[in-house]
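> Starting from these lines, generate the structure:
(one chain, ligands or ions: 1)
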Amino acid sequence: MEFPTLSMYYPELILSTLCFILFLLLLANWSFVGMSLTFLLNLHNLPEKFTELLERSQLGTISVHSSKMDMVATTNPGNVHHVMSKNFWNYPKGPAFQQLFDALGVSLFTLDLEDWKTYRKLIHNYFMHPQTHQFMAKVIPVNIKKGLIPVLEHVSKQEIVVDLEDLFKRNLYDFACIMSTGFDPKTLSVEFPQHPFFKAMDDMCEAIFYRHFMPESLWKLSWVGIGKEKKLNAARDTLREIVTKYVSMKREELKTNKDEEKFDFLQCFLTQHEVFGSVLHPEENIRDNVLGFIFAAQDTTSATLTWFFWLLSENPDVENKIREEMEEKLTVKEGSKWEISSIEEVRKLVYMQATLCETLRLYPPAPFQERIALEHDVLPSGHRIKPQTKVQMSSYAMARMTWVWGEDCQEFKPERWISEKGEIKHEPSNKFFAFSAGPRICLGKNMAFTLMKAVAATILYNYAVQVDKTCPVIPAASVILHTKHGLMTRIKSKSA
Ligand code: HEM
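Predicted coordinates for the structure are as follows:
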């Protein structure tokens, strides 16, 4: 008779040990798990669930305490101002944020305190430099003429159903790559070529979203290589590989023929241009900041344009007003299409800008921001903060609070953005929180508006967009507010 040996039981032993560890983890994190479960069960409409909870709270703020974590969630503009501006240095993103977003490495987006300050200054210099503005002014029209228009012509002639969100992701990836590296990957072309960037970006954003609702100790078991963490590992490698390739291509290019016309982010970094100072930056920092640039520019603008076109399909009167404004303000040769010749043209489109602001108010691409307290504090709403309390601020929920935006807050109303003088009404960033607020406010806000107006005007002036109403348009489970199933449309040329 053969006696059982230990090796025969290896699989069962491993499985039961893992179950036991899991059980201990659950016990240790029980209240956090309870809260996470509530959210996990509502993943399909999490932003709405969050809004519901905060709507019923006092002063738009709730606090959750557990043995493992203290958290305050708020939609209160006073609290947002306090955390993001007034007491900024007490509320870094913290090491936990860096771990959640580890795929973005050591970039402006993940850095904190003094390190962040150093890179913010350098990257701010780049964004404010007149040559950056000139480079952008050249890139936007070329990107639209060579990338967007040929594809729109093709899908309208062939009467192809097109996912507008996919089209925007491609167009804005191409734009972000040219601005950040000087190279055009041409992912928006009539062949709609497969490109590893898009799957990697979607997998990364989804996995980071799920990490928010799992105990850290669980998702840190990533060596097990399962599920979303496995996809995240692959995504991290893919994204790094893509950017590393651009860095070496740039080095080669710089050796032979430095293109004086280009003023891309990477070129400035590598040539130690005055904007980045004469310091030699570590290779990883260069790679991660280029990736951070692409992440910041591509996903946010493509998500906004997608919700913008969906909202127009639900509000034809708004679309008509945009068309009237374009007829009045854009110069077009009789019988021809409108093609952007200079970015100054779209600056005049005030109603279009108001509609984009209203889209960003209701569907902010980054629906919430998180900070972690260093020291004891009291928020303007009276909530007490202990060191290590997580403060979560939701711009999505804030847009739906009657006491912040008025009784008509749920309505899509671009008019709320227009002043009596017919100009764009300024709303403080702690209330219109889509671009964040305080010293960490988005550096690409102006670039984003110019770009989105140029793309939207090209489509709306020259084409009719019919949204397929049989396909539900709902938010995806992701840190970026994309749609779950895309935006299926038919595009018809007006001159056909
Ligand atoms: C609709 C478009 C956009 C929206 C809604 C948006 C929103 C935001 C938000 C919410 C943040 C803060 C993120 C955080 O701290 O966790 C941010 C930061 C940033 N954004 Fe944007 N963004 C947009 C477009 C752009 C574009 C086109 C660029 C250009 C590359 C850009 C560059 C940046 C940078 C560099 C930061 C980091 C700032 C820092 O941490 O100091 N953004 N953006």
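> Name the residue of the stretch 301-450 of the chain that lies nearest to the ligand.
residue 444 (2.0 Å; C-beta to the nearest ligand atom). (Glycine included, C-beta is placed from N, CA and C.)
> Can you tell me the SS state at residue 460?
Here residue 460 is recorded as helix under DSSP: H, G, I helix; E, B strand; the rest coil.
> What strand or helix carries the closest residue to it other than its chain neighbours?
Ranked by C-beta to C-beta, 6 or more residues apart in numbering and with sequence neighbours excluded, the top spatial neighbour of residue 460 is residue 322, at 6.0 Å. Per DSSP states H and E: residue 322 is located in helix 316-329.
> quick one: contacts of that helix?
311-313, 338, 345, 348-352, 355, 412, 414, 456-457, 460-461 (C-beta atoms under 8 Å, 6 or more residues apart in numbering).
> Could you do stretch 122-132 as well?
108, 263, 265, 268, 275-277, 289, 443-444, 447.
> 6 Å - rerun?
108, 263, 268, 275-276, 443 (C-beta atoms under 6 Å, 6 or more residues apart in numbering).
> Name the nearest of these relative to the ligand.
Looking across the contacts of stretch 122-132 and measuring by C-beta to the nearest ligand atom, the closest to the ligand is residue 443, at 4.1 Å.
> List the residues that contact that closest one.
Here residue 443 is in contact with residue 127 (C-beta under 6 Å, 6+ apart).
> what separates it from residue 144, distance-wise?
23 Å (C-beta to C-beta, to the nearest Å).
> Next: residue 297.
16 Å.
> now residue 465
Counting by C-beta to C-beta, the gap from residue 465 to residue 144 is 16 Å.
> what's the answer for residue 153, then?
12 Å.
> what does residue 94 give?
40 Å.
> just residue 479 next, same as before
In terms of C-beta to C-beta, residue 479 sits 28 Å off from residue 144.
> ok, stretch 294-301 near the ligand or not?
Yes. Shown here: stretch 294-301 in contact with the ligand (C-beta under 6 Å from any ligand atom) through 296-297, 300-301.
> as a whole number, average confidence for that stretch?
For stretch 294-301, the mean per-residue pLDDT is 96.
> okay, that stretch in PDB with CA atoms only?
Listed in PDB are the C-alpha atoms of stretch 294-301, where the atom choice follows Å, rounded to 0.1, in the frame of the first residue of the first chain:
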ATOM      1  CA  ILE A 294      -0.300  61.200 -22.500                       C
ATOM      2  CA  PHE A 295      -2.600  59.900 -19.700                       C
ATOM      3  CA  ALA A 296      -3.600  63.400 -18.600                       C
ATOM      4  CA  ALA A 297      -4.300  64.700 -22.200                       C
ATOM      5  CA  GLN A 298      -5.800  61.700 -24.000                       C
ATOM      6  CA  ASP A 299      -8.300  60.000 -21.800                       C
ATOM      7  CA  THR A 300      -9.800  63.100 -20.200                       C
ATOM      8  CA  THR A 301     -10.500  65.000 -23.500                       C
END
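> Looking only at neighbour counts, state which of residue 153 and residue 144 leads.
residue 144 (21 against 17; other C-beta atoms under 10 Å).
> residues in contact with stretch 229-237?
103, 200, 203-204, 207, 222.
> For the most centrally placed residue in the chain, which non-adjacent residue is closest in space?
Taking C-alpha atoms, centre = their mean, the centroid of the chain lies closest to residue 300, which sits 3.5 Å from it. Closest residue in space to residue 300, ignoring its immediate chain neighbours: residue 365 at 4.2 Å, by C-beta to C-beta, 6+ apart.
> again with residue 113
According to C-beta to C-beta, 6+ apart, the nearest residue to residue 113 is residue 92 (5.7 Å).
> Could you grab the helix/strand/coil label for that neighbour?
Applying three-state DSSP: residue 92 is coil.
> My read is that it contacts residue 110, right?
No. In this structure residue 92 lies outside contact range of residue 110 using C-beta atoms under 6 Å: 10.7 Å.
> Settle it for me: which of these two has more neighbours?
residue 110 (21 against 18).
> Please tell me the pLDDT value assigned to that one.
Reported pLDDT for residue 110: 95.
> just residue 164 next, same as before
Confidence score, pLDDT, at residue 164: 98.
> From the ligand, how far out is the closest residue to it other than its chain neighbours?
Nearest residue to residue 164, sequence neighbours excluded (C-beta to C-beta, 6+ apart): residue 487, at 4.3 Å. For residue 487, the distance to the ligand (C-beta to the nearest ligand atom, to the nearest Å) stands at 16 Å.
> Just give me the neighbour total for residue 487.
Residue 487 has 24 nearby residues by other C-beta under 10 Å.
> wait, what's in contact with it?
Per C-beta under 6 Å, 6+ apart, neighbours of residue 487: 164-165, 306, 310.
> quick one: which of the residues you listed has the most company?
Of the contacts of residue 487, with other C-beta under 10 Å as the count, residue 306 tops at 26 neighbours.
> mind checking the SS state of residue 491?
strand.
> does it really touch residue 158, like I thought?
No. Between residue 491 and residue 158 there is no contact under C-beta under 6 Å: 10.2 Å.
> of those two, who's got more company?
residue 491 (23 against 9).
> Please identify the longest helix in the protein, counting by residues.
The longest helix of the chain (DSSP state H) is helix 283-314.
> How about that helix, which residues are buried there?
285-313 (16 or more other C-beta atoms under 10 Å).
> One more: stretch 198-213?
200-211, 213.
> Enumerate the residues of the stretch 1-150 of the chain near the ligand.
108-109, 120, 123.
> Just give the closest residue to residue 120, not the sequence neighbours.
Here the residue nearest residue 120, using C-beta to C-beta, 6+ apart, is residue 108, at 6.2 Å.
> Could you do residue 184 as well?
Nearest non-adjacent residue to residue 184 (C-beta to C-beta, 6+ apart): residue 178, at 5.2 Å.
> does the one you found count as helix, strand or coil?
Residue 178 - assigned by three-state DSSP - is helix.
> Would you quantify the distance from it to the ligand?
In terms of C-beta to the nearest ligand atom, residue 178 sits 12 Å off from the ligand.
> How many neighbouring residues does that residue have?
The number of residues packed near residue 178 is 22, by other C-beta under 10 Å.
> Could you pull out the strands in the stretch 151-300 of the chain for me?
161-163 (DSSP state E, counting those that start in this stretch).
> What residues does it have near the ligand?
So the stretch 151-300 of the chain meets the ligand at 293, 296-297, 300 (C-beta under 6 Å from any ligand atom).
> how about JSON lines for the residues you listed, with distance to residue 244 added?
Below are those laid out as JSON lines (distance: C-beta to C-beta, whole Å):
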{"residue": "293", "distance to residue 244": "15"}
{"residue": "296", "distance to residue 244": "19"}
{"residue": "297", "distance to residue 244": "19"}
{"residue": "300", "distance to residue 244": "24"}
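> circling back: quick check: angle from the helix holding residue 322 to helix 283-314?
Between helix 316-329 and helix 283-314, the angle comes out at 110 degrees (axes from the mean of the first three to the mean of the last three C-alpha atoms, to 10 degrees).
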